[in-house]
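> show me the folded form of this:
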Amino acid sequence: MVTYIVRRLITAVLILLGASFVVYILTAASGDPLQEYRGSNLPNVADLIKARTQLLDLDTPAPLRYFKWLAGAGGCLIPFAGSCDLGKNLAGQPVTAALGQAMTQTLGLVTAAIILAVLVGVFLGIITALRQYSALDYGVTFMAFLFFSLPIFWVAVLLKEYGAIDFNNFLRDPQIPLLTALTIGLVVAVLAWIISGGAVKRRAVSAAAAFVVVTAVLLYLSVTNWFRSPGLGPVVILIAGAAIAFGVTLLSAGLKNRKALYSALITVGLGIIAYYSVQGLLDQATPLMIVLLAIATVLVGAAVGYFMGGYDRGQNMRAGGITAFLIGVLIVADKYMQNWPDYFNNGRVRGRPIATIGAATPNLNGDYWVSGLDAFTHLILPTVALVLISLASYTRFTRSSMLEIMNMDYIRTARAKGLSERTVVMRHAFRNALIPIATVVAFDIGGLIGGAVITETVFAIPGMGVLFFDGISHVDPNPVMGVFIVTAITAMVFNLIADLVYSALDPRVRVKS
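Purely as a prediction, here's the structure:
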């Protein structure tokens, strides 16, 4: 294993050296960095040309400049030495500083997009594989390829128009007319009819229940002015927590494992107690505190599962830990909602919270929760745009992989042995279906980081895409190389991780030297 990893790293370094040389030379040869000054009538044009020539070292041929850049970049391999030098951009700012600021924005955007795209795409892929050639399968396939085929800038413009501008207008007087509530309820009922499957009676009951619940919830939100003063509260968290406990247990252990189910339900009860006990603590929240509370929450849930005992404590601990984490997410979401009026009525926000440009509201003063809401409202539209575009690949790969595996002999053998459908799908089929998905995820992470340039440009997010675009526009290789190095290293690291994940998912795959 160690020999394999070392060999892969050496190969990656050689590839990175060759690719970086080609990118540097192509960037340097893509135009004239002094073009804007040539023919200029400025009285100090000669001084400006001399200053830029010195800044970009244009008197040195491009191949030699690359090796100078490489010598400075080599200092980045020595941690905490302060010798990392990727050059300066045209503004005279060190690329390492500009890249550090841009990485924060891009990685925050891409991380949220990749997690959501994988979770939703894999879920839809499994469902459509199990319901092959159904209306749900055709509908999901159509929508996935529709968004996949749309240009990202057009999707972004539509999200700005309907997801930000129209929704902000709605928040001025967030009242939902009865006809609108009935129409939305009817649409959800049709979706429930398609998704539920089975006999006509079962579909009709699901559709009717969905219509009644959705219509009633929308009217309740309208009457209580929930959109201006949102919140979950302990009752909603308790009901949602019970549903989460059953769902997590169903997927991780099966409802026949009563110990696992009781572990999850006890964890929900402890979460309701914690809801009241941590409110004061959350008022002084910091990022580190939230992380520590999340770890403690998962440990408590796992401990509940352990002490429940039974024939499989591992299943109990998984059910309790996952349920505890999700209950914690609900509590944190409720805290954000409690602070929504403070953010909504802030003088810098002016009652239009869903942002269309930028990564943060300038000069916004607020605590951890207000700042978090500001970051969320700025990230929501570009994240949704990236998710919609990326969803098709994960959905189709998961579906095709699951369909292939569900026809394997060992799946038929597992069913013949009397195993439950949940065990067959989740423990035998899904685990093997993850192998090709791991390859796609590893490939897409690097692609999303490098491909977010259009999204960042449309939403005016000062991320690596903007840094890369400015470098290309001004024929400045230094910021281009900084973005290239981060993207290339990320892609190579995750491809190595994907290779190692193969051996964990499939015992037949072994990493050898």
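> what pLDDT does residue 513 get?
Turning to residue 513, the model gives it a pLDDT of 49.
> before we move on, what about residue 344?
Note on residue 344: pLDDT of 90.
> does the nearest residue to it once chain neighbours are set aside sit in a helix, a strand or a coil?
Among residues not flanking residue 344 along the chain, residue 353 sits closest, at 5.6 Å (C-beta to C-beta, 6 or more residues apart in numbering). Every residue, glycine included, has its C-beta placed from N, CA and C. Here residue 353 is coil, with the state taken from DSSP: H, G, I helix; E, B strand; the rest coil.
> residue contacts, residue 353?
Residues in contact with residue 353 (C-beta atoms under 8 Å, 6 or more residues apart in numbering) are 168, 171, 343, 344, 373, 377.
> what's the spacing between it and residue 221?
17 Å (C-beta to C-beta, to the nearest Å).
> kindly report the same for residue 117.
Counting by C-beta to C-beta, the gap from residue 117 to residue 221 is 28 Å.
> and the two? which has more neighbours close in?
residue 117 (24 against 16; other C-beta atoms under 10 Å).
> ok, the more buried one touching residue 387?
Yes: under the criterion of C-beta atoms under 8 Å, residue 117 makes contact with residue 387 at 4.8 Å.
> which residues do those two both contact?
Going by C-beta under 8 Å, 6+ apart, no residue sits against residue 117 while also sitting against residue 387.
> how is this protein divided into domains?
2-99+462-505, 113-442 (automatic domain parsing).
> want to throw these into TSV with distance to residue 453?
TSV is the format used below for those (distance: least, C-beta to C-beta, whole Å):
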stretch	distance to residue 453
domain 2-99+462-505	3
domain 113-442	10
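> mean pLDDT lowest for which of those domains?
For these, mean pLDDT drops lowest on domain 2-99+462-505, to a mean of 82.
> separate out the buried members of the contacts of residue 353.
168, 343, 344, 373, 377 (16 or more other C-beta atoms under 10 Å).
> mind picking the two most distant members of the residues you listed?
The most widely separated members of the buried ones among the contacts of residue 353 are 168 and 373, with 14.4 Å between them, by C-beta to C-beta.
> spell out for me which residue occupies the centre of the protein.
Nearest residue to the geometric centre of the chain (C-alpha atoms, centre = their mean): residue 112, 2.1 Å.
> got a list of contacts for whichever helix or strand residue 289 is part of?
Assigned by DSSP states H and E, residue 289 falls within helix 287-308. Helix 287-308 is contacted by residues 259-260, 262-263, 266-267, 270, 274, 278, 281, 313, 315-325, 327-328, 332, 368 when judged by C-beta under 8 Å, 6+ apart.
> also stretch 377-387?
108-110, 112-113, 116-117, 120, 152, 155-156, 159-160, 163-164, 353-356, 358-361, 448, 452, 455-456, 458-459, 461.
> and for stretch 338-348?
By C-beta under 8 Å, 6+ apart, the list of residues contacting stretch 338-348 reads 171, 228-231, 349, 351, 353, 361-367, 369-370, 373-374.
> now do the end-to-end distance for it.
19 Å (C-alpha to C-alpha, to the nearest Å).
> next one: stretch 402-414
15 Å.
> list the buried ones in that stretch?
402, 403, 405, 406, 411, 414.
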